[in-house]
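Student: I'd like to go over a predicted model; first the sequence, then the structure.
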Amino acid sequence: MPKVFFASYARDDNRDEKLGKAISLLRKRVCAKLGLPEADAPEVAFFDEEDIKTGTDWELRLGEGVRTLLL
């Protein structure tokens, strides 16, 4: 499934998990608006919840995320 939106953030901005919870809620709302089952919620957005490890080409990783969006 192509992604509907992309969320980029600084890792420190999600230390308290509030941003992750907001994205989760937004994913569910997008599914509801699109008539998709809630089980598809993780698939509607690119939100890197795994640490991009030191030495990883973060620009490449984020670029891959952008390329999964609906155009």
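Tutor: Nice, thanks for sending it over.

Student: going forward, measure contacts and count neighbours with C-alpha atoms only.
Tutor: Noted.

Student: any idea which helix or strand carries the nearest residue to Pro42 once chain neighbours are set aside?
Tutor: The shortest distance from Pro42 to any non-neighbouring residue, by CA to CA, 6 or more residues apart in numbering, is to Arg27 (6.8 Å). Assessed by DSSP states H and E, Arg27 sits inside helix 18-34.

Student: just the residues contacting that helix, thanks.
Tutor: With CA atoms under 8 Å, 6 or more residues apart in numbering as the test, helix 18-34 has contacts from Ala7, Asp13, Asn14, Pro37, Glu38, Asp40, Ala41, Pro42, Val44, Ala45, Phe47, Glu49.

Student: quick one, grab the pLDDT at the second one.
Tutor: The score at Asp13 is 81. That number is its pLDDT.

Student: helix, strand or coil for it?
Tutor: Using DSSP: H, G, I helix; E, B strand; the rest coil, the three-state assignment for Asp13 comes out as helix.

Student: quick one: contacts for it?
Tutor: Asp13 makes contacts with Leu19, as judged by CA under 8 Å, 6+ apart.

Student: now with 7 Å?
Tutor: By CA atoms under 7 Å, 6 or more residues apart in numbering, Asp13 lies in contact with nothing.

Student: flag the helix or strand of this structure with the lowest per-element mean pLDDT.
Tutor: helix 58-67 (a mean of 77; mean pLDDT, DSSP states H and E).

Student: other SSEs contacting it?
Tutor: The contact analysis (3 or more CA pairs under 7 Å, 6 or more residues apart in numbering; DSSP states H and E) places helix 58-67 against no helix or strand.

Student: buried set for it?
Tutor: Using 16 or more other CA atoms under 10 Å as the burial criterion, the residues of helix 58-67 that qualify are Leu62, Gly65, Val66.

Student: thank you, goodbye.
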